[in-house]
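Q: What follows is a protein structure lacking sequence information:
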Ligand SMILES: Nc1ncnc2c1ncn2[C@@H]1O[C@H](COP(=O)(O)OP(=O)(O)OP(=O)(O)O)[C@@H](O)[C@H]1O
Ligand SMILES: O=c1ccn([C@@H]2O[C@H](COP(=O)(O)O)[C@@H](O)[C@H]2O)c(=O)[nH]1
């Protein structure tokens, strides 16, 4: 384990679906508190942290489209779901004494500040945890793409994808139990082999900006910090794995 962090500035993409815990829907506050505690520890270790949370625990636009509804409205609902999750995380971080701010891609000044790259940089440089809400602000995208976009905008050294599985596999391990996990894999191979851990737009954006993606289980307590300290259990998606 290292005394100095492996990365100086990171974006953590936290699974929205994970926030519902054992419930079928919504937010289990104990899960949000646990993720907040991991972020607090990373800050104590000296890592600057930006966060994007998904909305899968509340709403995904495709759910509307699949029932014949309007996809764009569905996506608007999904983006609002990410704002709800972001406010929940800010609450948990504040309880722990961590200075955190929510910047939304969709203006809702009564609830939180609006995103601008300049303001995000100012807050990151001041040591605040910046929670990027509202996805990209555009329909037909996902919070994975938002996370890659914000990582590029704030000059992050890595994008951490905290998800339901502990890495990138040869196939979806939740469907194919015999799938093999990669220790390292290139962005190009993830795209070429259609390894659907993230959407292609997100992988391509990270690749163009030379941002490694660290895929790990958001359910593993302390997993985020173990990786920041040089150990941990994850798959590293990086150019040098080509
Ligand atoms: N090749 C693969 N390797 C690993 N996981 C894969 C692969 N292909 C598909 N998956 C699936 O992708 C899922 C991650 O997808 P997704 O980003 O939609 O979920 P999430 O992290 O829970 O995000 P959110 O709920 O915020 O949308 C994993 O839980 C896994 O089941
Ligand atoms: O830039 C974005 C980000 C998200 N959405 C919508 O929100 C939901 C929830 O996000 P997940 O990444 O699936 O957790 C997503 O399904 C979209 O409907 C969006 O439109 N634009």
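A: Arrived safely. Keep in mind that this is a model prediction, so the values were computed, not measured. Numbers count the residues shown, from 1 in each chain. Ligands and ions are numbered 1, 2, ... in the order given.
Q: Name the nearest residue to the closest residue to ligand 1 within the chain, ignoring sequence neighbours.
A: Residue nearest to ligand 1 within the chain: residue 54 (1.7 Å; C-beta to the nearest ligand atom). Every residue, glycine included, has its C-beta placed from N, CA and C. The shortest distance from residue 54 to any non-neighbouring residue, by C-beta to C-beta, 6 or more residues apart in numbering, is to residue 16 (3.0 Å).
Q: Spit out the contact partners of that neighbour.
A: Residue 16 makes contact with 53-58, 81-82, 85, 143, according to C-beta atoms under 8 Å, 6 or more residues apart in numbering.
Q: redo that, cut-off 7 Å
A: 53-58, 81-82, 85 (C-beta atoms under 7 Å, 6 or more residues apart in numbering).
Q: before we move on, which element is the residue lying closest to residue 198 once chain neighbours are set aside in?
A: Closest residue in space to residue 198, ignoring its immediate chain neighbours: residue 144 at 4.3 Å, by C-beta to C-beta, 6+ apart. In this assignment (DSSP states H and E), residue 144 forms part of helix 143-153.
Q: contacts for the helix or strand just after that helix?
A: The helix or strand immediately downstream of helix 143-153 is strand 158-163, counting by DSSP H and E. Outside strand 158-163, the residues that touch it by C-beta under 7 Å, 6+ apart are 7, 10-15, 147-148, 151, 198, 206, 211-216, 218, 224.
Q: what's around residue 25, how many residues?
A: Residue 25 has 8 neighbours, counted by other C-beta atoms under 10 Å.
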